[in-house]
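Participant: Based on what follows, work out the 3D shape:
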Amino acid sequence: MPSRTGAALRAVAALFLEARIAAALAVLLALLGAPPAPAAAAGPGWSAAPAPGAGSAPDAADRPYFYLEGRPGTVLQDKLSVTNKDQRPHTLRLRSEGAEGAWLAFADRTVRVPARTRADVPFTVTVPPDAAPGDRSGALVVTGGGHRTGVRMHLRISGATLSALSVEDVRVVRTGSGGGAAIRYAVVNRGNTELTPRLAVRADGLFGAVLRRDARTLPVQVPPGERVRLTERWPDAPALDAVDVKLTVTAGGGAHAAASATYTAAPGWLLAAAAAAALGVAGGGGTWLFRRRKRSRTGGTESGAST
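Facilitator: Prediction:
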């Protein structure tokens, strides 16, 4: 009995030793085979947002962007807050972006923010007396330490608004030998409000409808007075047809416009044959006309000699 107990104890000890060796080897292999952990990307160490409004801190939950409204000739005021989260100071530069960037003026173009501190920078937006009523958009941009961030600004100029647009320069071009085509056009904002256009497309060939696309919102915004060039893909355009293409563009406020273009699709070999036939007819007609004129001149000479 004691011999059996001793053997069992020796077996347990051997298994325990093997388990420890296996565990140690597993840890060693993991350390040798594991790639080094990537270094965490360094953030800017600072953030920018509109100064606190109803909330207690400048963040997206308080005011996600600036909204200013006033009549032509007024001066609008607000503040941009820059929060330094680092243990060291940051020197940041401020500027504006957008079509009306010249209207915006900062109290300081450069601001030094001490560690763990927030700085509020006042700015003004001077609306020109002759500014047309409507919506404008832009951004306040902060750069420093190799980083850049922007805070959107929405400006509404009070007064009577007009939503109007036009569709221009419509043309259809082939995009490859497989029969694909592209409809190219331009949308022009003729009013004084920013527009998000919706496009509907229809095309009719010699034997009926060849394309129907219901109105859908385009992923663009067109500021007042701006022209945006766009392309509508038509991968299954007919390879042989004469097509009338009509574009209808609408936007909020009752803006509506339409324009059309014609498109003649034909295979390359057919166009070459038609061109050759046209050249042949033109050449034959020219030869016939030359011979007729020659006979006419010859007959006139003989008639004159006989008198």
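Participant: right, and residue 187 touches residue 227 too?
Facilitator: Yes. Using C-beta atoms under 8 Å, residue 187 is in contact with residue 227, at 7.3 Å. Using the backbone N, CA and C atoms, a C-beta is placed for each residue, glycine as well.
Participant: what is in contact with the two at once?
Facilitator: With contacts defined as C-beta atoms under 8 Å, 6 or more residues apart in numbering, the residues shared by residue 187 and residue 227 are residue 168.
Participant: Among the two, which residue is more densely surrounded?
Facilitator: residue 187 (26 against 12; other C-beta atoms under 10 Å).
Participant: packing partners for the helix or strand harbouring the more buried one?
Facilitator: Element membership for residue 187 (DSSP states H and E) is strand 181-189. Secondary-structure packing of strand 181-189 (3 or more C-beta pairs under 8 Å, 6 or more residues apart in numbering; DSSP states H and E): strand 165-174, strand 227-234, strand 241-251, strand 255-265.
Participant: quick check, residue 216 in a helix?
Facilitator: No. Assessed with DSSP: H, G, I helix; E, B strand; the rest coil, residue 216 is strand; it does not lie in a helix.
Participant: Compute the number of surrounding residues for residue 182.
Facilitator: A total of 16 residues lie near residue 182 under the criterion other C-beta under 10 Å.
Participant: can you tell me how far it sits from residue 63?
Facilitator: Distance of residue 182 to residue 63, computed by C-beta to C-beta, to the nearest Å: 42 Å.
Participant: ok, now residue 145?
Facilitator: Relative to residue 63, and taking C-beta to C-beta, residue 145 is found at 24 Å.
Participant: quick one: which of these two has more around it?
Facilitator: Between residue 145 and residue 63, counting by other C-beta under 10 Å, residue 63 is the more crowded of the two (19 against 14).
Participant: List the residues that contact the more buried one.
Facilitator: If a contact means C-beta under 8 Å, 6+ apart, then residue 63 has 49, 50, 51, 52, 53, 55 as its contacts.
Participant: for residue 151, same thing?
Facilitator: Here residue 151 is in contact with 48, 49, 50, 65, 66, 80, 139, 140, 141, 142 (criterion: C-beta under 8 Å, 6+ apart).
Participant: Skip the chain neighbours and tell me the closest residue to the first one.
Facilitator: Right, the one you point to is residue 48. residue 142 (4.4 Å; C-beta to C-beta, 6 or more residues apart in numbering).
Participant: so for the helix or strand encompassing the one you found, what's the average pLDDT?
Facilitator: In the assignment (DSSP H and E), residue 142 maps to strand 134-144. Averaging pLDDT along strand 134-144 yields 91.
Participant: Enumerate the positions of that strand that are buried.
Facilitator: Applying a neighbour-count criterion of 16 or more other C-beta atoms under 10 Å, one finds 134, 135, 136, 137, 138, 139, 140, 141, 142, 144 buried in strand 134-144.
Participant: and if you look at stretch 93-100?
Facilitator: For stretch 93-100, burial by neighbour count (16+ other C-beta under 10 Å) applies to 94, 96, 98, 100.
Participant: which one of the residues you listed is nearest residue 212?
Facilitator: For the buried residues of stretch 93-100, the minimum distance to residue 212 (C-beta to C-beta) is 38.0 Å, reached by residue 98.
Participant: Who are the contact partners of the closest one?
Facilitator: 136, 137, 138, 139, 153.
Participant: Next, format the buried residues of stretch 93-100 as JSON lines and append pLDDT.
Facilitator: Shown next, in JSON lines, are these (pLDDT from 0 to 100):
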{"residue": "94", "pLDDT": "97"}
{"residue": "96", "pLDDT": "94"}
{"residue": "98", "pLDDT": "82"}
{"residue": "100", "pLDDT": "78"}
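Participant: got CSV for those, with distance to residue 126 and secondary structure too?
Facilitator: Formatted as CSV, the buried residues of stretch 93-100 follow (distance: C-beta to C-beta, whole Å; DSSP: H, G, I helix; E, B strand; the rest coil):
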residue, distance to residue 126, secondary structure
94, 17, strand
96, 12, strand
98, 14, coil
100, 10, coil
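Participant: now, which of these sits nearest residue 44?
Facilitator: Relative to residue 44, and with distances defined as C-beta to C-beta, the nearest of these is residue 94, at 14.4 Å.
Participant: quick one: that closest one and residue 80 touch, right?
Facilitator: Yes. If you go by C-beta under 8 Å, residue 94 and residue 80 touch, sitting 7.1 Å apart.
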